[in-house]
Each structure stands twice: as C-alpha cells, then as structure tokens.
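**Q** No letters, just coordinates:
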C-alpha cells in the first residue's frame, strides 16, 4: 500500500510542478524546468487555454497557446503535427478576437507544416494574398 501512496504523491508533485510554472514566460519556463518536463508544461498550458476558452477568457487562452507554441519550438517540435494543431487553435482564437491578419498568417503556417510533414490537406492554395497588408507575427520565431 505504501508504494501506491508514493506513486500517487510523485504523480501529484509532477503535476503541481508543471502548474507552478504556467504563469511564467516561456523563457523563464525553459530556464527553470527540466527539458524532459517541458511537454507536461505544454499539455498543462493547452488544458488551461481550453478552460479559459470555455469561460470566455479569450485573451488568457491566447497567451497560454502562445507560450505552448513557443515552448514546442524551443524543444525542436516546430515541424510537428502537434505544433500545427496549436497554430490552428490560436488562429481560430485570433479570428474570434477580430485579428484577421494574424489568424490568416497562423493558419497558413499550420498548413505549411502539415504539407511538410506529408499530411494531405486536399486542395490548398498559398497564392491567395490577404486584402489588407499584414505585419508578421512578432512573437513567433521563423
């Protein structure tokens, strides 16, 4: 019975550790959290963003998704399906917030990742130009 208590404690301690860093910047998280724990932090950020979206706290959700994307890129998962899905989620969120240019750019980045990793998206066109001139997404690394 003691082994199960120890295992339960370790699982809870790991979760608490990830939760404690969620309000830090992505740079601080990378400095403070072991590399092997970053995926847990990313998952926790995604879950918190989903809860924020359900509560109509769209700006909080956007910040959590931005951090999750930045962390994925920092640990070498830029060209992953998970990163593309995060880009789609934040693009949808940006569209809801009325940021059409940013939404379009993030969506395009997601489609490009899907194509590079070999996912078939059907007829995708990258030649479409936005009606308005959009600036680059400043928080996203190339």
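**A** Great, that's in hand. Fair warning: this is a prediction, and the values are worked out from it, not measured in the lab.
**Q** List the buried residues of stretch 105-112.
**A** Judged by neighbour count using 16 or more other Cβ atoms under 10 Å, the buried positions of stretch 105-112 are 105, 106, 107, 108, 109, 110, 111. Using the backbone N, CA and C atoms, a C-beta is placed for each residue, glycine as well.
**Q** what residues are up against residue 89?
**A** When contacts are counted by Cβ atoms under 8 Å, 6 or more residues apart in numbering, residue 89 touches 49, 65.
**Q** For residue 80, see how far away it is.
**A** Taking Cβ to Cβ, to the nearest Å as the measure, residue 89 falls 14 Å from residue 80.
**Q** Residue 111 now?
**A** Between residue 111 and residue 80 the computed distance is 14 Å (Cβ to Cβ).
**Q** For residue 58, which non-adjacent residue is closest in space?
**A** Once flanking residues are discounted, residue 58 sits nearest to residue 97: 5.7 Å by Cβ to Cβ, 6 or more residues apart in numbering.
**Q** Please name every helix or strand in contact with the helix or strand containing residue 111.
**A** Using DSSP states H and E, residue 111 falls within helix 100-116. In terms of contacts (3 or more Cβ pairs under 8 Å, 6 or more residues apart in numbering; DSSP states H and E), helix 100-116 is packed against helix 81-96.
**Q** Now the buried residues of stretch 105-112 in a markdown table, please, with extra columns for distance to residue 69.
**A** Output for the buried residues of stretch 105-112, formatted as a markdown table (distance: Cβ to Cβ, whole Å):
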| residue | distance to residue 69 |
| --- | --- |
| 105 | 13 |
| 106 | 9 |
| 107 | 13 |
| 108 | 15 |
| 109 | 10 |
| 110 | 10 |
| 111 | 15 |
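**Q** Taking these together, which two end up most distant?
**A** Farthest apart among these by Cβ to Cβ are 105 and 111. That separation is 10.9 Å.
**Q** Lovely, talk soon.
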